[in-house]
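S.K.: Model the following, please.
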Amino acid sequence: MRAALGLLVAAALAGFGVSGNAAPLPASTAPAIQLSPDGETIYLVGELSEGSFLKFDAALLDAPKVRRVYLASIGGLTIEGRLIAALVRKRRLDTYVEYYCASACTQVFVAGRERVIGKDAQLGFHQAVVVDKDGQAKRVRRATDRRLSPMLVFGINGNDTLRLAYEQAGIDPAFVARVLEQPHSDMWIPAPAELQAARVITRQSVRPEIALPPGGYSHAGLQDMLGRRVLWAQTAKSSPDLYREAVSQTWLWANSGVALNTAIESSRSDLIKKLSPRLLTASDAQLDRLLIFHARIGREERESDYPLCAASALGAEQPVNPRKAAVTDEEDRLIAGIIASAPSTVAPSRDQAINNFGSEVMPAVAKAYRRGDADDSKGGCRYTYRIYESIAALPAERRIKAYRAMLALPKFLIG
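M.R.: Predicted coordinates for the structure are as follows:
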């Protein structure tokens, strides 16, 4: 029951922009694989999907001068990462990350002879999970003590694949053990000093050492663009550190094969999660306006079969959805108004929030739940909107108490 409740409430919070993880993202397109003009660098940008190895192999066959691999990827299929890593080791190539390399991408990175990261680069680690045909995480097959040959490719689980990749690279066993215990929903991004000490990287560069692939985004350009949006602009005034962090995260993802709009949406979701303590001190009137807004959107979505719950691909920009843009803008204005004003009340204590959640929110959660809601992201999205409708339907003296309790307990409920 605790695990199920965590999934359901996580889904509810995700609809508000609050997520229990660092962006479990929808399925992506294949990565862009191309050679630099001088033929010495092969660029791999985007998610490692089915067929990535074959494309990488074909590119290498026509590139006798290649000596390094430029990686920018949120991860993907461990089997594709392992096969690409084998080619990197065979050709004794160096690996380089200027922006972001996470999950299955790290297998390829650690296969490099020299392994270099840029001054702002991030390497992300977590355990592998089994996914369904739609790319949704289903379960974890834990790493074993099985002795593996580097020649063995199929018939092993993803976490044994990760373990073998890190062991072949000579990475500190304690570091490997932590990666294999790191929940898939919570990406671990070690500091450069930790990466160096664990022998994950050979060094960190102080300036870019490789020409960037075409189609990238500058940090300054993204900061200028996001700073013109109401929520981002107000965050820059009220919480400048959070604003800079969110811009940097968008910049890293947008240059790692994630479509710009998706990168912005994911960073915005994480930003609102980090702003949630400020929402707890909003006035009843401010929270009521926010809740009524969500309930209205929920009703409109229910009447039109939840079009806003459709998943979007990571790798290619999608046409702007006018309704989605309008909903986001209205929500941003309501949240910006809250963080721009002085706190009006004291946030509920943990015990108060737990008690209020049990008495006020749980009946609404149970009322809104339907079989299949937790099966995929669209089901969770629909459930989110129904929770808002259910809470908004409570008597006036109870609904804000319930809403504030739900906002107060994301970590308790998701953990």
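S.K.: my read: residue 65 touches residue 37, true?
M.R.: No: contact criterion CB atoms under 8 Å: residue 65 and residue 37 do not qualify, at 11.3 Å. For the C-beta atoms, the positions are set from N, CA and C on the backbone; glycine is no exception.
S.K.: residue ranges with poor pLDDT in the stretch 101-250 of the chain?
M.R.: 129-158 (pLDDT under 70).
S.K.: Now do the helices in it.
M.R.: 105-110, 158-168, 173-181, 192-197, 219-226, 230-238, 240-254 (DSSP state H, counting those that start in this stretch).
S.K.: Now do the buried residues in the next helix or strand after the last one.
M.R.: Scanning forward in sequence from helix 240-254, with DSSP states H and E defining helices and strands, the next element found is helix 260-279. Neighbour-count burial for helix 260-279 flags 261-273, 275-276, 278-279 (criterion: 16 or more other CB atoms under 10 Å).
S.K.: How about stretch 94-113?
M.R.: Along stretch 94-113, these residues count as buried under the neighbour rule (16+ other CB under 10 Å): 94-112.
S.K.: Contact partners for the closest residue to residue 282 other than its chain neighbours?
M.R.: Spatial nearest neighbour of residue 282, excluding adjacent residues (CB to CB, 6 or more residues apart in numbering): residue 338 at 4.5 Å. Listed by CB atoms under 8 Å, 6 or more residues apart in numbering, the contact partners of residue 338 are 278-279, 282, 286-287, 290.
S.K.: Tabulate these in CSV, adding columns for distance to residue 302.
M.R.: Output for the contacts of residue 338, formatted as CSV (distance: CB to CB, whole Å):
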residue, distance to residue 302
278, 30
279, 25
282, 26
286, 25
287, 22
290, 19
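S.K.: Name the nearest of the residues you listed relative to residue 191.
M.R.: Residue 191 lies nearest to residue 278 out of these, by CB to CB, at 27.3 Å.
S.K.: Hmm, the closest one is touching residue 339, no?
M.R.: Yes: at 5.1 Å, residue 278 counts as touching residue 339 under the criterion of CB under 8 Å.
S.K.: what sits in contact with each of those two?
M.R.: 238-239.
S.K.: Tell me, how many residues neighbour the closest residue to residue 174 other than its chain neighbours?
M.R.: Once flanking residues are discounted, residue 174 sits nearest to residue 198: 7.6 Å by CB to CB, 6+ apart. Number of residues near residue 198 (other CB atoms under 10 Å) recorded here: 19.
S.K.: how about residue 198, what does it touch?
M.R.: Residues near residue 198 by CB under 8 Å, 6+ apart: 171-172, 174-175, 190.
S.K.: how about 7 Å then?
M.R.: 171-172, 175 (CB atoms under 7 Å, 6 or more residues apart in numbering).
S.K.: thinking again about what came up before, so for residue 333, which of the helices of the stretch 101-250 of the chain sits nearest?
M.R.: Closest among the helices of the stretch 101-250 of the chain, using CB to CB: helix 230-238, at 5.5 Å.
S.K.: and the closest one, what does it pack onto?
M.R.: Helix 230-238 makes packing contacts with helix 240-254, helix 322-340 when contacts are defined by 3 or more CB pairs under 7 Å, 6 or more residues apart in numbering; DSSP states H and E.
S.K.: one more time with 10 Å
M.R.: The contact analysis (3 or more CB pairs under 10 Å, 6 or more residues apart in numbering; DSSP states H and E) places helix 230-238 against helix 219-226, helix 240-254, helix 260-279, helix 322-340.
S.K.: now the helix or strand hosting residue 83 against helix 158-168, angle please.
M.R.: Secondary structure from DSSP H and E places residue 83 in helix 78-90. Here helix 78-90 runs at an angle of 20 degrees relative to helix 158-168 (axes from the mean of the first three to the mean of the last three CA atoms, to 10 degrees).
S.K.: Distance from helix 78-90 to the middle of the chain?
M.R.: Counting by CA atoms, centre = their mean, to the nearest Å, helix 78-90 is centred 24 Å from the centre of its parent chain.
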